[in-house]
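>>> What shape does this take:
(chains A and B)
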Amino acid sequence: MHRPPRVARRHVYKLLYLSVCARNSYSTAHFYQNRQLELYASKQATLLSLRQLVFYGRAMSEERLIKSANYVRTELPIRIAHRLRDLQGLPYIVVMQEGVNRVYDLYWTAFEKFRRYPEVRTIEENDEFCQFVRGMLNEHSAVIPSLSLGLSLASPYLPPDQLDSFMRRMLVSRMSRRVLAEHHIALSDAFNGRDHNVDGEGHVGIIYTGLNVEKSVKKCASILRPPSNVQMPEVIIEGHLGTTFAYIREHLEYIVFELLKNSIQATVDAHAGKLSYPPILVTIMAGVNDIGMRISDQGGGLTNPHIRTPSDLFSFSHVRNATRMEDARLGSLRSVSERPAGMVATVNELVQRWQEEQRTRDNPEVEAGVGSHPRLGIGLPMCNIFSRYFGGSLELVSMDGWGTDAYLRLPKLGTNLEGIEF
Amino acid sequence: MLSRRPVHCFRPWSRKFISSYLCRTPEPASPELAQLLATHAQHAPQPLTLGSLLSLGRPLTSESILASAQIVQTEMPRRLAMRIRSLEGLPFIVGTNPHIARILEGFRKNFLWSASYPPITNIEENSVFTSQLENLVRDHANDIPTIAKGFQECQRYMSAEAISSFLDAAIRNRIAVRLIAEQHVALTHALNNPDGLQDHLGVIDMNLSPVKMLKMCASFVAELCEASLGASPSLIIDGHTEARFAYVPVHLEYVVTELLKNAFRATVERHHSGSSTSLPPVQVTVSLPSAPPSMSGLAQITSPTRPRMLHIRIRDRGGGVAPVHIPHIFAYSFTTAGRNAVHALADEDELDGPYAAQHVGGGAAVGSDLFGEIAGKGVQTGMGTIAGLGFGLPMSRLYAQYFGGSLELFSLDGWGCDVLLKLRCLDHAEDAEI
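Numbering: from 1, shown residues only, chains lettered A, B, ... in the order given. Reported below is the predicted structural model:
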């Protein structure tokens, strides 16, 4: 049998790529392009702790800023490569789902762009790099709803444990990449005298070194208080008031906002038609190693018949949480993932959505006609991911028929490494 | 060394040798006993559900009493045989421990009695049988502390995991045996005295008020706390304070007492300093989700995935459990009381004497006065009775889990604890296995 020489064979493959690539990105050509990816995926990610991020950012110099840029430049493709390999290991049919394939393409493009990005050597080059990173962050703003949509659709093809651990790896890694990118951008802005922080709280990059827990809770509670004189349950804060610690404020406030919002909604729904609502009790604790928070409401508990235990609310599998396959939810995930702004899980976004919801709530016509805001089911899973990122935890406990207690624990010392799994 | 030993010692047929040999090991089972054991251990375990046990009391007739006696006569020997087999499966050196040997001996005696008792055919026979059964239940009130003492002495021969899984199984078995026996005793009493406790179905109170129970236990614990620590916090109960549910009162009493003891003690220890007596209250919230619609008859099992549960949350501000202790809170013989609590695990004397004994002795005994027993010693021994007994949480959890409930502890480090107790409503728990 005649076999073409090696070089010739390679040439044939190349022709094959070119002919098929043009039509379909999941062609056989793609299969042979995996080499570079595997090279990057074989490298370990360099995990960081909050404390390292703060210490490095504290004494900024041109040289250190450029070093930081190149760390981000080389670290991100490694972390993305791990996720691409993770996606490649999923059953074929899962990645073919709407949403998942979009994310796969986005990640692949991002991987190629970062991999080829030249070394950063000057401050000017760093500014360009920051622009580039910002652009990438925006391009990826719809990844969470896309993945959530895709994995909901693929839920019948993956056992729940596997599905959830995959989602956890994807979301934690995504968060870690955004933390690195945003931290570097914030450090660069600060270095260039473009500090966006106006409220004067001490911070290094995106990390607030003296984050006041009570203040954050109050802030979230006041946003959640409607401007009109509509009755709302009162938020009472007790415990070790004045507790401060170093953390990413955005993460803490996202969790607090989402939990408080759920508590308020549950309380309002459970006590509809009554003259006043029972309060929501927030207890702040300063432990030895952790900052703790308990949010206790009287909203009737988590008696949703679709779930067995409260932690099922963190699950993306329809086996654990049947609402994942509901048409309304899939529909709203679809529309959010097609919006250019996407859904990046930030407090601002939550605030906007809450305000929209309040408007429709107050206006019965809108509410009756459109029902325009079926819940996406992303808030609680994201809170769970945010809380676990640096080794904290979030636990929901239901007193059926009475109320819910949410127990949040975040590490105080900042020495834990990022909780990324490979 | 060897050459100096008298040679005859090594001759096994020597009478002298045999007698001294026997002194070192417990008596083997008699041939009849071994035979009986073998037969009963062979029986395929037939699951006994709460539903079938309860159906005997609805309505209570002389026929159903005889059926109940028959359940006791099949289930007791079978379960005691299981217990004996598992004791016999322990390492030999553990079996030679006097406490363990005594327990095994007791089990063998009971087993022999229950396995060889002639079948009950009428009410008169039953009343004789029942009074003997009652004595037997009473005699064994202190089994668990004895076993615990035994294992405490055997710590170097078995791993902590092996000991705790043995204890878990032993305690679960004990709860079951006592429930079966006490249910029969209670039904027999009810038949003889139809005007007795109206809401009771054997040992189950079909209309139990958790708030009443909480108040009763709290007043006892407060007294104990006052006596040993000099102060006690107040108790606030909110939530569904009118709730009533079906449960075994002695189980609830045991668990609630244990949990309140922990909460009260932690609160006093953290906040009580000499003159100042403003203690933050212990806050208890009771919640009973409304019964699912359309349930009637025995066969109707409410949502099988989420059985109906009574929730009791006990919230204190006693400072919580230090993170290093969290992994051990449900371990036997561990305590967070005292300064060197973390070393208590290694300290053999920690589980000693009356503390452990009285503490775990209060089981589900009909007519046994748990409170009297503890209170009497409580005043005598001061601090020891309320703290650091090491069995409270694991035992309470086993009781809570017995019918499919749960017991969870959430520590808010530096602030306090929330303990959430969920108990199945036994009028909706026909499927619960005993």
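>>> quick check, B:Ala263 in a helix?
Yes: assigned with DSSP: H, G, I helix; E, B strand; the rest coil, B:Ala263 falls within a helix.
>>> Now do the contacts for the nearest residue to it once chain neighbours are set aside.
Closest residue to B:Ala263 apart from its sequence neighbours, by CB to CB, 6 or more residues apart in numbering or on different chains: B:Asp316 at 3.8 Å. Where you see a C-beta, it was placed from the backbone N, CA and C, and this is true even at glycine. Neighbouring residues of B:Asp316 by CB atoms under 8 Å, 6 or more residues apart in numbering or on different chains: B:233, B:262-264, B:266-267, B:280, B:282-283, B:416-417.
>>> Contact partners for the residue of the stretch 301-434 of chain B found nearest chain A?
In the stretch 301-434 of chain B, the residue that lies nearest chain A is B:Asp413 (2.9 Å; CB to the nearest CB). Contacts for B:Asp413 (CB under 8 Å, 6+ apart) come out as A:285, A:287-290, A:292, B:320-323.
>>> next one: B:Ile84
B:Ile84 neighbours (CB under 8 Å, 6+ apart): B:37, B:104, B:107-108, B:111.
>>> can you name the two of those that are farthest apart?
B:Leu37 and B:Leu104 (11.7 Å; CB to CB).
>>> B:Ile326 against B:Ser411, yeah?
Yes: if you go by CB atoms under 8 Å, B:Ile326 and B:Ser411 touch, sitting 6.2 Å apart.
>>> which one of the two has more residues nearby?
Taking other CB atoms under 10 Å in any protein chain shown, B:Ile326 and B:Ser411 do not tie; B:Ser411 has more neighbours (23 against 14).
>>> And stretch A:214-233, end to end?
18 Å (CA to CA, to the nearest Å).
>>> got the buried residues for it?
By 16 or more other CB atoms under 10 Å in any protein chain shown, the buried positions in stretch A:214-233 come out as A:214-217, A:219-221, A:223-224, A:226, A:232-233.
>>> returning to that earlier point: ok, of the contacts of B:Ile84, which one's closest to chain A?
B:Phe107 (37.9 Å).
>>> Please name the nearest non-neighbouring residue to B:Val255.
That would be B:Ser396: by CB to CB, 6+ apart, it lies 4.4 Å from B:Val255.
>>> In terms of helices and strands, where is the one you found?
Assessed by DSSP states H and E, B:Ser396 sits inside helix B:392-402.
>>> contact partners of that helix?
Residues contacting helix B:392-402 (CB under 8 Å, 6+ apart): B:144, B:164, B:167-168, B:171-172, B:175, B:251, B:254-255, B:258-259, B:261-262, B:329-332, B:359-360, B:406-407, B:409, B:421-423.
>>> just the CA coordinates of it, formatted as PDB?
Coordinates of each C-alpha in helix B:392-402 appear next as PDB, following Å, rounded to 0.1, in the frame of the first residue of the first chain:
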ATOM      1  CA  GLY B 392     -25.700  15.100  74.100                       C
ATOM      2  CA  LEU B 393     -25.400  16.200  70.500                       C
ATOM      3  CA  PRO B 394     -24.700  12.800  68.800                       C
ATOM      4  CA  MET B 395     -27.500  11.100  70.800                       C
ATOM      5  CA  SER B 396     -29.900  13.900  70.100                       C
ATOM      6  CA  ARG B 397     -29.100  13.700  66.400                       C
ATOM      7  CA  LEU B 398     -29.800   9.900  66.400                       C
ATOM      8  CA  TYR B 399     -33.100  10.500  68.100                       C
ATOM      9  CA  ALA B 400     -34.000  13.200  65.600                       C
ATOM     10  CA  GLN B 401     -33.000  11.100  62.600                       C
ATOM     11  CA  TYR B 402     -34.800   8.000  64.000                       C
END
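>>> And the strands in chain A?
A:203-204, A:207-212, A:235-239, A:244-248, A:280-286, A:290-296, A:393-399, A:403-411 (DSSP state E).
>>> any idea of the mean pLDDT for stretch A:216-226?
Regarding stretch A:216-226, the rounded mean pLDDT is 90.
>>> circling back: in strands, which of the contacts of helix B:392-402 fall?
Secondary structure defined by DSSP E assigns B:406-407, B:409, B:421-423 of these to strands.
>>> and A:Gly273, how many residues sit next to it?
4.
>>> could you measure it against A:Gln231, distance?
11 Å (CB to CB, to the nearest Å).
>>> same deal with A:Glu182?
38 Å.
>>> Show me what secondary structure element comes after whichever helix in chain B runs longest.
Looking across chain B with DSSP state H, the single longest helix is helix B:160-192. Scanning forward in sequence from helix B:160-192 by DSSP H and E, the next helix or strand is strand B:200-201.
>>> list the contacts for A:Ile307?
A:313, A:320-322.
>>> hmm, which of those residues are the buried ones?
Among the contacts of A:Ile307, the ones that count as buried (16+ other CB under 10 Å) are A:313, A:320-321.
>>> okay, the residues you listed in JSON lines with pLDDT and distance to B:Asp199 next?
Formatted as JSON lines, these follow (pLDDT from 0 to 100; distance: CB to CB, whole Å):
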{"residue": "A:Leu313", "pLDDT": "89", "distance to B:Asp199": "38"}
{"residue": "A:Arg320", "pLDDT": "87", "distance to B:Asp199": "39"}
{"residue": "A:Asn321", "pLDDT": "86", "distance to B:Asp199": "40"}
